[in-house]
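S.K.: Sequence plus the predicted model coming up.
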Amino acid sequence: MHHLNEYYRLLGLSSKASKEEIRKQYRKLALKYHPDKNTDPLAHEKFILINDAYEILTGKKKSPKSKRSTTPQQNTPSKEEEKHQREERIKKARERYEKHKAHEEKMILKYFQSLRSGWRWKFLKLLSIVCGFVALGMSLDLVLPSHLIKEEVHYFSKEKYNTVGDGKISLIVTSKNKKLWVENLHFHLYQSNPEIIIEESWIFHTPINIQSEQRDYIFHYPIHFTYYWASIILIPIFLIPLFIYFYKKNNPLFVILYHASLFIINFLVIYYLFTGDRWAHLFSFGYV
């Protein structure tokens, strides 16, 4: 077992390294010392040793046993024979490496083909369409005119909370039980006229501002914690499944965004559509 430690040390690994760790380290060192990339003769020898160590540690090749010579003299190969033997070993090492590399590339290609087939890929296609329409609706909400909805303030919290900058926000509840966080609101404004006008986006009817007429003046109060102000973040997120459907490249970015679409964006868009009846607003183009 002691002689195997030399092969582990050659790869820069501990004797407890797994086959997966051996494979990764071999690929890393083989790329560094490959004869086609490194012309240093010492690198060629290193490449041969790395291949031998990899095949022995993975069981593809038996470990040579050291034998002491029982004869006083042995035939010493000539320089030409040594050169030929060295070239043959490099050739075989290169062939083993290329074979290993081709096998890995085949497995990687098979993995990406599995991602782009079956029910998950069909589901991603459907998800990309839904998310595309949602992103389009949110984009139109930023430019289309608003709905103006008349309501009355039913409840007003006197407690104020800090928000971005120096603003203060308070909670109000309308006569239709809408809970809104409104900035810089003063309770005395509603003592004479509790009626307000809520400005909502056209497609998804997302509250944006409140208009209140008090003492011949119209006051405007921004509404916080709504999807309207988060559109600049949500629109790119909802476009990720559509991007992935057309991207189709075999790299880590595809894998990360593929799984993010299936296991994160999928639930996010469902939650968005089925809260506040946004799915109905989308189908009716904001008329419902």
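M.R.: Perfect, I can see it now.
S.K.: ok, and what's touching the helix or strand of the chain with the lowest mean pLDDT?
M.R.: The least trusted helix or strand in the chain, going by mean pLDDT, DSSP states H and E, turns out to be helix 2-11, with a mean of 74. The list of residues contacting helix 2-11 from outside it, by CB atoms under 8 Å, 6 or more residues apart in numbering, reads 14-15, 17, 22, 25-26, 29, 49-50, 52-54, 56-57, 63, 66. Every residue, glycine included, has its C-beta placed from N, CA and C.
S.K.: Now do the next helix or strand after it against helix 2-11, angle only.
M.R.: Downstream of helix 2-11, the first helix or strand assigned by DSSP states H and E is helix 19-33. With axes from the mean of the first three to the mean of the last three CA atoms, to 10 degrees as the basis, helix 19-33 and helix 2-11 are set at 50 degrees to each other.
S.K.: which strands and helices sit next to helix 19-33?
M.R.: helix 2-11, helix 41-57, helix 79-115 (3 or more CB pairs under 8 Å, 6 or more residues apart in numbering; DSSP states H and E).
S.K.: Now with 6 Å, please.
M.R.: Judged by 3 or more CB pairs under 6 Å, 6 or more residues apart in numbering; DSSP states H and E, the packing partners of helix 19-33 are helix 41-57.
S.K.: in the helix it packs on, what counts as buried?
M.R.: For helix 41-57, burial by neighbour count (16 or more other CB atoms under 10 Å) applies to 44, 46-57.
S.K.: do the same with stretch 207-218
M.R.: Within stretch 207-218, judged by 16+ other CB under 10 Å, the buried ones are 207-210, 212.
S.K.: now do stretch 237-253
M.R.: By 16+ other CB under 10 Å, the buried positions in stretch 237-253 come out as 237-242, 244-245.
S.K.: before we move on, what about stretch 110-119?
M.R.: 112, 115.
S.K.: Also stretch 141-150?
M.R.: Those would be 141, 146-147, for stretch 141-150 by 16+ other CB under 10 Å.
S.K.: Could you check how far residue 281 is from residue 287?
M.R.: Noted for residue 281: a distance of 8 Å to residue 287, by CB to CB, to the nearest Å.
S.K.: cool, residue 146 as well?
M.R.: 14 Å.
S.K.: Filter the buried residues of stretch 237-253 down to the ones in strands?
M.R.: Among the buried residues of stretch 237-253, none falls in strands (DSSP state E).
S.K.: how about those in TSV, adding distance to residue 136 and pLDDT?
M.R.: What follows is these, written out as TSV (distance: CB to CB, whole Å; pLDDT from 0 to 100):
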residue	distance to residue 136	pLDDT
237	14	97
238	9	97
239	9	97
240	14	97
241	13	96
242	10	95
244	17	94
245	16	93
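S.K.: any idea which of those residues is closest to residue 255?
M.R.: residue 244 (9.9 Å; CB to CB).
S.K.: and this protein, what are its domains?
M.R.: Split into domains by automatic domain parsing, the chain comes to 2-63+93-112, 123-139+232-283, 145-228.
S.K.: Would you convert those domains into JSON lines that also reports distance to residue 84?
M.R.: Formatted as JSON lines, those follow (distance: least, CB to CB, whole Å):
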{"stretch": "domain 2-63+93-112", "distance to residue 84": "14"}
{"stretch": "domain 123-139+232-283", "distance to residue 84": "40"}
{"stretch": "domain 145-228", "distance to residue 84": "74"}
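S.K.: Let me know which of those is the nearest to residue 80.
M.R.: Among the domains of the chain, domain 2-63+93-112 comes nearest to residue 80, with 16.2 Å by CB to CB.
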